[in-house]
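**Q** what's the 3D shape of this:
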Amino acid sequence: MFERRGSLPALLVALALLGAGCAAPSSPGSSDPGSLLLADGYEPESLNPLLGYGAEGAAKFYDGLLAFDGRAELRPALAAEPPQSSPDAKTWTVKLRDGVRFHDGTPFDAEDVVATYHAAIDPAYASTVSSDYAMLADVRALDPHTVQFDLKIPYSAWPSKLVLGIVPSEKLATPEPLENSELNTKPVGTGPYELVEWRQGDQMTWKGNPDYWGGAPAIGEVTVVFAKDDNTRAQRLLSGEFDGTVLPPVLAESVGRDGYRTVHHRTADFRSIALPNDHPVAGDRAVRTALNLAVDRQGMIDALLGGHGTPAHAPIPESMGAAFEPAARFDFDPERAKALLDQAGWRPGPDGVRERDGVRAQFTVMYFADDSLRKDLATAFASDARAIGIQVDLAGVDRSAVPARIGHEGIVLGGGNPIDPDPQVYTSLHSSVIGTGTYNNPGRYRNAEVDAALDRARQELDPAERAELYRQAQRAYVADPGLVYLAFIDHSYVMREGRWTGYQPPVEPHTHGTTWGPWWNVEDWEPQA
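**A** Reported below is the predicted structural model:
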């Protein structure tokens, strides 16, 4: 059974030290209500949407054809109206907004859309998002303000792919790898903000786009300071230096006072243990099911997240409405887990670790060494597994070491996209994506019933029928689980109160920080009178 463990005591000590050393804020983060000074623990490697920047649409320098509304819908952005599908969902036509200009003054038109999506799928550009657009056969301009997307397969979720930031066609004129593109550090988009300065390793400043098609932002300047250490950001915020930051939930609760407010956002961001399904132990169906029954998901959430999360049993969260299947769940039942292993022939050995036919019930789970939450979740999982006689060895690794090991070892993974169930679940569970990317179905899970439901859902345009297919996929999955989903984690932030209006809590993807969080719609904020 799960016990309160890991870094929580150390965190509480850190909180006490912060409280003892910090008084109420004495200096404002930004004295001008038309500006914001934020802190982030993550600094992007590139600002190029074709290299993954703003993949879920919250890219302040860019707009996609569509934009996520923060809840459960897509709305037109550079598109003038919602995209129109052919009856077979293989052809999609999009009318474009007129009168839009890029930050460099060049006009936006259909050729920019064509160039951006061609670069996403043309191997010559070596785009890191190419696998996300594998279903795209071609894109062409029907006229300066209309584009047509031709797909290889019927794909009802294509609108979820239209949040990709559009770049000027001139920046993509030469088909060459994007690793040296000037867009990586000097973004040129149509978005509400322009990059003023990026001192890598230190900070970044944005200014409002005065000619933005949606209206010039009232918050005209945003500075983001990069400070990787959570406690350092908390201490500097307590001193009044910042107007807001992202923090772990327990730490965020401790500093949300003296003019600051702590907020927790629901997400589609799951944490899971990806099991190597070809492994002689972890690949056994009885072992996988027993592990799902043995983990104390709520205990992990209470102890490691301060209660800020919801148990995950399958990849689709409740925030996805009708696509969520509440019956797709595992009760916390270690005794049933033990009985299941007994029935499958896994018997306890002298040291309590089970064996079958000379095979010891033991495997390795990796976690990223620089991610304390994943380490704590791995430790909790290993403890719960050991309680039913399964030995899980933990390995903190650098991300560069994962590709060589992921096929035969487990790993703590995170991910999530609230825009549509297809990107949320397809690359995690469908057998066709095995081998197409390091983190695409990394455990090599295969289930014909799950595959069939997901394939049919991709083609179904009726929302009710499509939702039922996703519920069917979840029911089939929990009958034969390939992973151990643990939690959908809340994202936690601390923000200064009383200076601005416009905050609207979103449902967030895996990505979070200062482009998401309370500031996902900062272009719509107003200084408070």
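**Q** what's the neighbour count on the residue lying closest to residue 304 once chain neighbours are set aside?
**A** Excluding its sequence neighbours, the residue lying closest to residue 304 (Cβ to Cβ, 6 or more residues apart in numbering) is residue 376, at 5.0 Å. Glycine gets a C-beta too; all of them are placed from N, C-alpha and C. Using other Cβ atoms under 10 Å, the number of residues around residue 376 comes to 20.
**Q** make sure I have this right: residue 376 is in a helix.
**A** Yes - assessed by DSSP: H, G, I helix; E, B strand; the rest coil, residue 376 belongs to a helix.
**Q** from residue 367, how far off is it?
**A** 9 Å (Cβ to Cβ, to the nearest Å).
**Q** can you tell me the SS state at the residue lying farthest from the centre of the chain?
**A** Relative to the mean C-alpha coordinate of the chain, counting by Cα atoms, centre = their mean, the farthest residue is residue 350 (42.8 Å). Three-state call for residue 350 (three-state DSSP): coil.
**Q** same question, residue 206
**A** Note that with three-state DSSP, the state of residue 206 is strand.
**Q** next SSE after the longest helix along the chain?
**A** When the chain is parsed with DSSP state H, its longest helix is helix 463-479. Using DSSP states H and E, the next helix or strand after helix 463-479 towards the C-terminus is strand 483-489.
**Q** for that next one, which helices and strands make contact with it?
**A** Here strand 483-489 touches strand 270-274, helix 285-294, helix 297-304, strand 309-311, helix 372-386, going by 3 or more Cβ pairs under 8 Å, 6 or more residues apart in numbering; DSSP states H and E.
**Q** mind checking the pLDDT average for the fourth one?
**A** Per-residue pLDDT values over strand 309-311 give a mean of 97.
**Q** residues contacting it, please?
**A** With contact meaning Cβ atoms under 8 Å, 6 or more residues apart in numbering, strand 309-311 is reached by 297, 298, 301, 317, 318, 329, 486, 487, 488, 489, 490.
**Q** try the last one
**A** Applying Cβ under 8 Å, 6+ apart, the contact partners of helix 372-386 are 1-3, 5-7, 248, 271, 273, 291, 294-296, 299-300, 303-305, 334, 352, 365, 367-369, 391-394, 396, 412, 414, 484, 486-487, 489.
**Q** filter these down to the buried ones.
**A** Neighbour-count burial (16 or more other Cβ atoms under 10 Å) applied to the contacts of helix 372-386 gives 2, 6-7, 248, 271, 273, 291, 294-296, 299-300, 303-305, 334, 365, 367-368, 391-392, 394, 412, 414, 484, 486-487, 489.
**Q** re the thing from before, helix 285-294 and the longest helix of the chain, what's the angle between them?
**A** 100 degrees (axes from the mean of the first three to the mean of the last three Cα atoms, to 10 degrees).
**Q** elements contacting helix 463-479?
**A** In terms of contacts (3+ Cβ pairs under 8 Å, 6+ apart), helix 463-479 is packed against helix 421-429, helix 448-459.
**Q** could you dump those helices into a markdown table and include mean neighbour count, distance to residue 226 and mean pLDDT?
**A** Output for the helices and strands packed on helix 463-479, formatted as a markdown table (neighbours: other Cβ atoms under 10 Å; distance: least, Cβ to Cβ, whole Å; pLDDT from 0 to 100):
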| stretch | mean neighbour count | distance to residue 226 | mean pLDDT |
| --- | --- | --- | --- |
| helix 421-429 | 24 | 28 | 95 |
| helix 448-459 | 19 | 38 | 96 |
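**Q** redo these as TSV? Include distance to residue 404.
**A** What follows is the helices and strands packed on helix 463-479, written out as TSV (distance: least, Cβ to Cβ, whole Å):
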stretch	distance to residue 404
helix 421-429	20
helix 448-459	27
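**Q** in terms of helices and strands, where is residue 215?
**A** Using DSSP H and E, residue 215 sits in no helix or strand.
**Q** break down the stretch 1-150 of the chain into its helices, ranges please.
**A** Here the stretch 1-150 of the chain has its helices, by DSSP state H, counting those that start in this stretch, at 8-21, 110-121.
**Q** which of those helices has the lowest average pLDDT?
**A** Among the helices of the stretch 1-150 of the chain, helix 8-21 has the lowest mean pLDDT, at a mean of 43.
**Q** before we move on, back to that, so which bits of the longest helix of the chain are buried?
**A** Residues 466-478 are the ones in helix 463-479 that count as buried (16+ other Cβ under 10 Å).
**Q** cool, stretch 194-201 as well?
**A** For stretch 194-201, burial by neighbour count (16+ other Cβ under 10 Å) applies to 194, 195, 198.
**Q** who's in contact with it?
**A** For stretch 194-201, the external contacting residues (Cβ under 8 Å, 6+ apart) are 43, 47, 61, 103, 185-187, 203-209, 221, 226.
**Q** same thing but at 10 Å, please
**A** By Cβ atoms under 10 Å, 6 or more residues apart in numbering, the list of residues contacting stretch 194-201 from outside reads 43-45, 47, 60-61, 102-104, 185-189, 203-212, 221-226, 228.
**Q** ok, residue 230 to residue 246 distance?
**A** To residue 246, residue 230 is 9 Å away according to Cβ to Cβ.
**Q** just residue 529 next, same as before
**A** 28 Å.
**Q** who has more neighbours out of these two?
**A** Each of residue 529 and residue 246 has its neighbours counted (other Cβ under 10 Å); residue 246 has more, 23 against 5.
**Q** average model confidence for the helix or strand containing residue 339?
**A** Under the criterion DSSP H and E, the helix or strand holding residue 339 is helix 334-343. Regarding helix 334-343, the rounded mean pLDDT is 98.
**Q** by contact count, what packs against that helix?
**A** Judged by 3 or more Cβ pairs under 10 Å, 6 or more residues apart in numbering; DSSP states H and E, the packing partners of helix 334-343 are helix 285-294, strand 347-348, strand 354-356, helix 372-386.
**Q** CSV for these, including distance to residue 216 and mean pLDDT?
**A** Shown next, in CSV, are the helices and strands packed on helix 334-343 (distance: least, Cβ to Cβ, whole Å; pLDDT from 0 to 100):
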stretch, distance to residue 216, mean pLDDT
helix 285-294, 51, 98
strand 347-348, 68, 97
strand 354-356, 65, 98
helix 372-386, 38, 96
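**Q** most tightly surrounded among the ones you listed?
**A** Across the helices and strands packed on helix 334-343, the average number of neighbours (mean count of other Cβ atoms under 10 Å) peaks for helix 285-294, which reaches a mean of 23.
**Q** which other helices and strands contact that one?
**A** Using 3+ Cβ pairs under 10 Å, 6+ apart as the contact test, the elements touching helix 285-294 are helix 334-343, strand 354-356, helix 372-386, helix 463-479, strand 483-489.
**Q** now the last one against helix 421-429, angle please.
**A** What it means is strand 483-489. Angle of strand 483-489 versus helix 421-429, following the same axes, to 10 degrees, is 140 degrees.
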